[in-house]
Every structure is written in structure tokens, then in C-alpha cells.
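Peer 1: Structural data only, the sequence is not supplied:
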């Protein structure tokens, strides 16, 4: 009795598809983390970080300092992070690696500066001197809000976006490649029977005799 062996049916390759799907997921995650992190840093750094009072005459005056009075570093680095997040898709290879590192460093710097500013009272002391006109004036009854820690947490989101770009950025599409293909597809067709088309092609630096 003979046996008939069924021919093996080749299975579709799923690795490239899985890699592409993973790249899209990490891309979406990095975009979300970077955009949200930068937006929250810019918002939270404009909120009140510290409060206190200063003696004026026989009474006292309430003083406040927002995050940008304490330190302008987080807001500035959030803007840098946003620019780096966009630039990740405009560059390739080594350029993408460098921009991804800049994105991560922007987040780390924003988080560190916010954390260090959480207990700072120098901005309130400066406000006390301006308010009272006394160069030796110091703020009293200082309290700090939670906004510096919110800013620091948002900076960590930017850092995570940068780490994702460093790890998976090589699998992400490049913005420039899509634009180049779109520009080529949108190139007008030159009609060799129309002299005006030939002149326009020459003005664009094209060879009108090329098929």
C-alpha cells in the first residue's frame, strides 16, 4: 500500500508584517508621549510653584512665583523636545539617532530642572526685594505646590519618547521620503508637440527629450 505525501504548503512570512505593526505602534506611542509631555511641561511651568509672604511696614504682602520665575529651563527644553520630535521624521540613519538623543536629553533635562526647582525659594526672595524695595528682604512662610512635580513627570514622558525613538526609530518611516515620492508623482508631463511645455521643462532643469 502506497502512501501519498501532501506537498508542504509554504506559509506566508509574518515577520516583516509584525515588524511593521510594531514600528507603527511604537511610533504612535512616541508621538503621543512626546506631544503630551511637552504640552504639559509648557502648561505646568506657567502655574504657581511657590507662595510666601514678605513684611511691608507693619503688615505683610502675599507673593507668588510661577515655574518660569523659578527656572525657564523646562519650558525651553519642552520647545526643543517638540522640534526634535518633528525632526525625527525628517532625517534618517545617523541624523535620526542624533535627533532622538536630543529628544531624550530634552526630557531628562526638563525633568531634572523641575525637580530641583520644586523646593527653590530664590524667586520669591527676589520678588520680596522688588516688592518691598529692601535689598535685604526675605520671604517668609514659604509653601510649594505640586506643579513642579507635574512638570517633572511630563519631562519624563518626553524622555520616554526619546528612548523609544532611539530603540525603534530605525523602523519608522521618513517624512522626506514620502514628500520626495509625492513630488515626483506630481511632476507635470511634458508634451513634446507643445513648445511652451518644452521651455517650461528646460526652466525646471529637466531634459524634455527624455522619455
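Peer 2: Done, it's in. Worth saying up front: this structure is predicted, and the values here are computed from it rather than measured. Numbering: from 1, shown residues only.

Peer 1: Tell me where this protein has strands.
Peer 2: 48-56, 59-66, 140-144 (DSSP state E).

Peer 1: pLDDT below threshold where in this structure?
Peer 2: Judged by pLDDT under 70, the chain has its weakly predicted residues at 1-23, 174-211.

Peer 1: how about the helices of it, start to end?
Peer 2: Under the criterion DSSP state H, the chain contains helices at 15-44, 67-70, 73-87, 93-117, 122-132, 147-168, 175-185, 195-203.

Peer 1: Can you say which of the strands of the chain is nearest to residue 104?
Peer 2: strand 48-56 (24.8 Å; CB to CB). Just so you know, the C-beta spots here come from the backbone N, C-alpha and C atoms, and that holds for glycine as well.

Peer 1: between that closest one and helix 93-117, how big is the angle?
Peer 2: The directions of strand 48-56 and helix 93-117 differ by 40 degrees, with axes from the mean of the first three to the mean of the last three CA atoms, to 10 degrees as the criterion.

Peer 1: Contacts for strand 48-56 next, please.
Peer 2: 60-67, 69-70, 117-118, 120-121, 123-124, 127-128, 131-132, 137-145, 147-148 (CB atoms under 8 Å, 6 or more residues apart in numbering).

Peer 1: same question, stretch 144-156
Peer 2: In contact with stretch 144-156 (CB under 8 Å, 6+ apart) are residues 36-41, 44-45, 47-51, 67, 70, 74, 77-78, 107-115, 117-119.

Peer 1: Can I get the buried part of those residues as one ChimeraX selection?
Peer 2: In ChimeraX, a selection of the buried entries from those looks like this (16 or more other CB atoms under 10 Å):
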select :37,38,40,41,44,45,47,49,50,51,67,70,74,77,78,107,108,109,110,111,112,113,114,115,117,118
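
Peer 1: which residues does residue 135 contact?
Peer 2: With CB under 8 Å, 6+ apart, residue 135 has these contacts: residue 129.

Peer 1: which one is the residue sitting nearest the centre point of the chain nearest to, not counting chain neighbours?
Peer 2: For the chain, the residue nearest the mean C-alpha position is residue 82 (3.1 Å; CA atoms, centre = their mean). Nearest non-adjacent residue to residue 82, counting by CB to CB, 6 or more residues apart in numbering: residue 38, 4.7 Å away.
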